[in-house]
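[1] when you get a sec, could you give me coordinates for this:
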Amino acid sequence: MQAFLIPVSNSQDNLSPNTIAKNSITHVIDQHSKDSAPRVAQDILSALDAEQLALLRRSDFGLRQTGTSRFICGCCKEPVHVRVTSVAQSGCVDGSRAVFVHDPRPVPRDCPFGSLGSPTSAGEVDAARFNGRQEGARHKRLKTMLCQMLSADPNIATAECEVLVTGLGADGRAVWRRPDVLAVTTDGRRLAFDVQIASPLLTTIDGRERFYAAQGIAWHWIVDANQPERLHLQGFQDLTMPQACRVLGFNEEITTLSKTDNQSRFHLLHLTETIDGRSFKVRSKKIGLDAALNFAGFPQGGPPPHATDLRALGFFKAIYKDDLTCARQIYNLLTAHCAAPDWAQAQQDAIPDGIKILLLLASNRDLKEAEAAICAFFCADAPQNGSPALSHWAFLIATAATCDPTLRAQIARLSPSTRALLAKALRESAQNPTLARQFRGTWSAVLRRLFPRC
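    Predicted structure coming up:
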């Protein structure tokens with residue numbers, strides 16, 4: 001594995017600190033909090049690390065696309081969103097470089113933090129950034145090399161550039177995209193790639209992810225592995241952080257290596273903060289086609305015991321580390337494409353703890369961890385905050401085990417005392433089978449997303 005430090009360049013990324021500070025909002029109300037009192041904006045933002053900041057931006061953007069907003073201005077009660085200065089300009093990577101602002105509007109608003117101006121579309125922003133260019137030379141070169149590599153791979157039936165892909169969006173309307181490269185494996189799995197050279201906008205990131213998820217196509221961003229320093233730009237942070245801080249890279253080195261045996265390869269780039277919190281470092285390792293398909297959520301051999309895509313792996317990492325700040329934001333992204341209750345309901349129904357148990361059982365980790373989690377969970381004296389009885393989780397685990405031989409085998413290996421605890425909880429759940437089935441129905445979409453065999 002190769003590791004290197006990202007130098008902080010002087011490249012522009014969003015607005016300057018002076019421009020942002022001018023209209024930054026001092027107090028906001030978190031509509032997802034039980035406390036409706038205004039809070040100091042910087043108290044919320046400065047507590048975030050780089051990953052949490054990017055996840056907040058992504059989940060907040062997703063909410064705003066549905067016409068809702070998590071945060072509103074403490075003064076005028078209108079929606080606000082997070083804006084950042086660059087790592088280069090601020091000298092840090094955490095939330096202290098972020099502020100809350102209003103969208104600009106052509107008429108004044110009754111707020112001291114309002115800003116005048118006309119909203120700018122994503123197309124207008126890109127046109128200004130690229131001076132009207134449709135495709136740069138580097139983008140075209142990487143796209144062409146990637147398609148050639150995949151075409152030579154005996155595990156790939158076809159690989160083409162900019163093939164038209166059509167389908168229906170979540171709202172029932174016809175949608176389309178032309179991925180930079182679309183490959184079809186010999187066993188029929190479709191894998192799309194979009195090469196990203198410039199720092200992407202949130203609307204670009206969200207739009208592409210929603211499209212490919214709706215069409216059931218395995219998909220990856222591809223960044224230029226020759227330019228890891230670009231990953232410090234906010235657009236690439238917004239892209240990479242919700243994917244377990246990982247993204248695929250490609251360059252001439254991979255092309256040369258793949259020509260030796262006609263096997264497709266990629267760089268798997270892992271972005272992390274430096275210890276001093278002022279920059280980032282990147283670790284890189286080479287992976288093959290099977291790993292790329294796994295990380296897109298389409299492994300060979302049918303549904304895996306737990307989801308393998310980078311988004312799900314990021315969620316599992318947060319759940320395993322009890323990082324509920326990150327887990328909450330990734331949960332919002334994971335459930336954007338399926339009907340599921342909000343995070344507040346998830347916590348009330350002990351979803352983080354229950355999923356952690358299923359993950360420990362499904363991933364063949366040390367059974368001592370699973371047993372400790374099960375004992376801590378089912379030995380709770382009473383359900384919290386009026387949630388359904390914790391015993392209904394025993395029903396969910398037992399139901400999942402009937403569909404998953406791996407999970408069933410792991411449960412059989414538990415100690416007699418732990419199995420007895422599960423059996424006791426299952427008997428308690430059986431006393432109210434209607435509630436147990438309702439509980440399962442409420443969370444079935446989330447469980448299928450994270451544990452495909454359920």
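[2] which secondary structure element contains A213?
    Element membership for A213 (DSSP states H and E) is helix 202-215.
[3] in that helix, which residues are buried?
    Judged by neighbour count using 16 or more other CB atoms under 10 Å, the buried positions of helix 202-215 are L202, T204, I205, D206, G207, R208, E209, R210, F211, Y212, A213, Q215. Any C-beta I mention is one placed from the backbone N, CA and C, and that applies to glycine too.
[4] from these, which is closest to A412?
    Using CB to CB, A213 is the member of these that lies nearest A412, at 35.1 Å.
[5] my guess is that closest one meets H337, correct?
    Yes: the criterion here is CB atoms under 8 Å, and A213 meets it with H337 at 4.9 Å.
[6] could you check how far the closest residue to S96 other than its chain neighbours is from A401?
    Using CB to CB, 6 or more residues apart in numbering and skipping residues adjacent in sequence, the residue nearest S96 is S46, 4.5 Å away. Distance, S46 to A401, using CB to CB, to the nearest Å: 44 Å.
[7] looking at the two, which is more packed in?
    A401 (22 against 15; other CB atoms under 10 Å).
[8] I'd assumed that one was in a helix, is it?
    Yes: A401: assigned to a helix according to DSSP: H, G, I helix; E, B strand; the rest coil.
[9] surely it is in contact with A409?
    No: in this structure A401 lies outside contact range of A409 using CB under 8 Å: 9.0 Å.
[10] could you pull out the strands for the stretch 51-200 of the chain?
    In the stretch 51-200 of the chain, the strands defined using DSSP state E, counting those that start in this stretch lie at 71-73, 81-84, 98-101, 156-161, 165-168, 174-177, 181-185, 190-196.
[11] can I get those in JSON lines including distance to I319 and mean neighbour count?
    Below are the strands of the stretch 51-200 of the chain laid out as JSON lines (distance: least, CB to CB, whole Å; neighbours: other CB atoms under 10 Å):
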{"stretch": "strand 71-73", "distance to I319": "24", "mean neighbour count": "22"}
{"stretch": "strand 81-84", "distance to I319": "24", "mean neighbour count": "20"}
{"stretch": "strand 98-101", "distance to I319": "25", "mean neighbour count": "24"}
{"stretch": "strand 156-161", "distance to I319": "34", "mean neighbour count": "16"}
{"stretch": "strand 165-168", "distance to I319": "31", "mean neighbour count": "13"}
{"stretch": "strand 174-177", "distance to I319": "31", "mean neighbour count": "14"}
{"stretch": "strand 181-185", "distance to I319": "31", "mean neighbour count": "23"}
{"stretch": "strand 190-196", "distance to I319": "27", "mean neighbour count": "22"}
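[12] so can I have JSON lines of these showing distance to L396?
    Converted to JSON lines, the strands of the stretch 51-200 of the chain look like this (distance: least, CB to CB, whole Å):
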{"stretch": "strand 71-73", "distance to L396": "33"}
{"stretch": "strand 81-84", "distance to L396": "35"}
{"stretch": "strand 98-101", "distance to L396": "38"}
{"stretch": "strand 156-161", "distance to L396": "39"}
{"stretch": "strand 165-168", "distance to L396": "31"}
{"stretch": "strand 174-177", "distance to L396": "34"}
{"stretch": "strand 181-185", "distance to L396": "33"}
{"stretch": "strand 190-196", "distance to L396": "32"}
